[in-house]
Every structure is written in structure tokens, then in C-alpha cells.
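> Sequence below, structure please.
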Amino acid sequence: MTEDILPRGAPPDLVNAAWRDYGNRVGAFRLFDRLAGIGIRPAVLLNTNLYEEAPEVLTAARAAGSEIVAHGRTNSDSLPAIGSGAEADYVAEVRTRIEAEEGAPPGGWSSPWLAHTPSSLASLAGAGYRYLLDLRLDDQPVWLRTGTGRMLAIPYAAELNDSTSMIGRQMNARSFAAMIRDEAAELLGASHPVVMSVVLHSFISGQPWRMRPVAEALAEVAAMDGVWCATPAEIFDAVLAKPTLAVG
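Numbers count the residues shown, from 1 in each chain. Reported below is the predicted structural model:
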């Protein structure tokens, strides 16, 4: 399970591996710099293997004021493949590793490949995660029942997502930038606060020709009246302070 820029060849597939590694070597740093210039603190969906493979990315993420969201050990994992018996230990191990490296545990989880099992919510809640960044069933945050309490689903863009749109559907970067502008313009007309999520990958939007139009669109949205560029933790805290911001 991987995005490929060219049809996958026989291993070792150096072309696609190099394309993806561009994100850790160049693209992530470009994204952090451009977002900082716009005034956006990103949420980094982190595979914990990055602590060994590309620790410089974490240094840059911290400097950018990023929120670290747990995203498994690697995107070669998936919760269904791990199996329900090992799932609880797996999500707890990822949380413990981030806490050891960052000094505080992550509040949020996003599953590799957005994959879940019937017990995933209970495993995540049991490990101490408080919000999930995988679903968009509403424009507002939504409380989910886990069997052991509640977990907040903060809207996650399955379509306003450079992987599904620019790679999966081969949309060009300027059309994707238009999606960002259109989503913001439409949501600003809502009668209550809503969440707009934009999902970027360092090896996709970190490519120079994509970064320019995407950054221009994000800068326009960030400058709009009524827009709050918030991290998931800030959204979660806002919901706790004002429960009407979420729905059941």
C-alpha cells in the first residue's frame, strides 16, 4: 500500500522510493517554512520510525510549533493487519514512544491508511487518546462512543487531500488550490463554527511546483476574516470549553 508516481516496478523500486524519500529530505522542510510564513502551525501525523530514519524532520517540526499526532510506527502497518489481539499494545506503544521523545503524550491519533477494526476506538480510548483525525462525517467535531468513554472525531479531509486528489485522481496543483479556496468560501457562510481540514504530504505538496499554488491558496484562506488556524489540540480544548461546538 503506497502512492507511486510511476507504475510500481520490480524491487528494488528505486524511483518510487526516492520520490517518497524526497519528502523527508526536502519537502517537509519546505512545507514547514511556507506554513510558518503564513502563520499556520501544522499537525504532523507522525510515523514513529521517523525518530530513527529522519530525526531532522522532527527538529524542524518542533521549531514550527507543530502538534504531533500519532500515526503508527510506519505506513507499512495497518490496524486490521496487526489484529485485534495486538492492537491495544500497538497504539499504546506508539503513544509511549512519542511521549518519551516529545515530553508529552499525543492527544490525537490517525490510523495508517485510515484503517480500523471493530475494536479500534476502544483500544485508542484505553491508551489515552482523546481525539481521532480520520473521519469526516460532519463539518463539526463529532463525539464517538468507544465502549469506554467518548472520543472526539475532528473532521479529516478525505478529498481535500493531496494524496487522494493529486495522486489518486491526478488532479493538478492549481485545481487542488481552487478546492482549498472554494471549501473556505463555502464554509465561511455557515451559521456556526466548523472545521476545514487540508491534508498535505511532504513528498507530494512539498514538491516545488505543487507547493507554490497550494501555499498561495492557504495564505488567502488564513487571511480571511473569521478564520482561526488551529491545531487539533486547540480544537479539542475549544470543544471542551464550549460543548455546543461538537455534535453527538
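> Correct me if wrong: residue 97 contacts residue 49.
No - using C-beta atoms under 8 Å, residue 97 is not in contact with residue 49; the gap is 9.7 Å. (C-beta placed from N, C-alpha, C; glycine too.)
> Looking at those two, which is more packed in?
Higher neighbour count among residue 97 and residue 49: residue 97, with 18 against 15, using other C-beta atoms under 10 Å.
> Show the low-confidence segments of this protein, by residue range.
Scanning the chain for pLDDT under 70 picks out the ranges 1.
> Identify each of the helices in it and give its residue range.
Assigned helices in the chain, in chain order: 14-22, 28-38, 50-53, 55-63, 79-82, 84-102, 120-127, 162, 173-187, 208-222, 232-241 (criterion: DSSP state H).
> quick one: which of those is nearest residue 200?
helix 162 (5.4 Å; C-beta to C-beta).
> Which strands or helices does the closest one pack on?
Other helices and strands packing on helix 162, by 3 or more C-beta pairs under 8 Å, 6 or more residues apart in numbering; DSSP states H and E, are absent; none qualifies.
> Looking at the helices of the chain, which is nearest to residue 152?
Checking those against residue 152 by C-beta to C-beta gives helix 232-241 as the closest, at 5.8 Å.
> got the contact list for that closest one?
Helix 232-241 has contacts (C-beta atoms under 8 Å, 6 or more residues apart in numbering) with 43, 67, 69, 107-108, 130-131, 133, 141, 152, 154, 195, 230, 245-246.
> if I pick the residue most central in space within the chain, what's in contact with it?
With the centre of the chain defined as its mean C-alpha position, the nearest residue by C-alpha atoms, centre = their mean is residue 45, 4.6 Å away. Going by C-beta under 8 Å, 6+ apart, residue 45 touches 69, 71, 110, 133.
> check contacts around the third one.
Spelled out, it's residue 110. Per C-beta under 8 Å, 6+ apart, neighbours of residue 110: 45, 69, 70, 71, 132, 133, 134, 156.
> repeat for residue 121
When contacts are counted by C-beta under 8 Å, 6+ apart, residue 121 touches 132, 144, 145, 146, 147, 151.
> Same question for residue 35.
41, 42, 64, 215, 218.
> again, but for residue 195
With C-beta under 8 Å, 6+ apart, residue 195 has these contacts: 139, 140, 141, 154, 155, 235.
> let's see 6 Å
Counting by C-beta atoms under 6 Å, 6 or more residues apart in numbering, residue 195 makes contact with residue 155.
> quick one, phi/psi of it?
Backbone geometry at residue 195, expressed as degrees, to the nearest 10, gives phi -110, psi 130.
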